[in-house]
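In: structure of the sequence below:
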Amino acid sequence: KKKHIRRRNEAKSQSRSCEPTKILEEIRKSGMKNFRNIQVDESNILTWQGLIVPDNPPYDKGAFRIEIIFPAEYPFKPPKITFKTKIYHPNIDEKGQVCLPVISAENWKPATKTDQVIQSLIALVNDPQPEHPLRADLAEEYSKDRKKFFKNADEFTKKHGEKRPVD
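Out: Residues are numbered from 1 along each chain as shown. Next up, the predicted model:
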């Protein structure tokens, strides 16, 4: 009887480690245009990188590399997203940390799909939320002088953003 239980637990942990691989297939099949060039770390399938390709100015002239780290306890704990490309954005700090409610510990639900997380990240990049800033100075500039914010963010994107995938 004990052997039977152990096998079931092994199967459970194996299926969980395959989870990111399944998710990756789903995302690639969904043809998401705003999340491209997804790469999975060969030595650790729980670490991904990809390019966020925003539609809205001032970010529509560049692409931004992000890293997604799935904890071993995924989907019971949320993935962690970090921007590897610098971005001039009130909700993303200088270290690349992002304030995204859907992946906060208090809001996370195991049923949340990774493509939903990425969609909400893209929505946040396209439409900053100055009321939940990680950079108060940029939130203030965005709220009080949108034209200046757009000019600064546009220049910053041209300087630091990655080349957008063509196709």
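In: confidence score at residue 19?
Out: Note on residue 19: pLDDT of 73.
In: hmm, residue 74 and it touching each other?
Out: Yes - Residue 19 is within contact range of residue 74, at 6.5 Å (criterion: Cβ atoms under 8 Å). (Glycine included, C-beta is placed from N, CA and C.)
In: of these two, who's got more company?
Out: Neighbour comparison, residue 19 and residue 74: the larger count goes to residue 74, with 18 against 15 (by other Cβ atoms under 10 Å).
In: that one should be in a strand, yeah?
Out: No - read with DSSP: H, G, I helix; E, B strand; the rest coil, residue 74 is coil and lies in no strand.
In: look up phi and psi at it.
Out: Residue 74 has phi and psi values of phi -60, psi 140 when expressed as degrees, to the nearest 10.
In: residue 162 now?
Out: phi -90, psi 160.
In: who's it bridged to?
Out: Judged by DSSP bridges, the bridge partners of residue 162 are residue 63.
In: list the residues that contact it.
Out: The neighbours of residue 162, taking Cβ atoms under 8 Å, 6 or more residues apart in numbering as the test, are 51, 62-65, 85.
In: just the closest of the residues you listed to residue 154, please.
Out: Of all the contacts of residue 162, residue 62 has the smallest distance to residue 154: 9.4 Å, by Cβ to Cβ.
In: separation between that closest one and residue 144?
Out: Using Cβ to Cβ, to the nearest Å, one gets 24 Å for the distance from residue 62 to residue 144.
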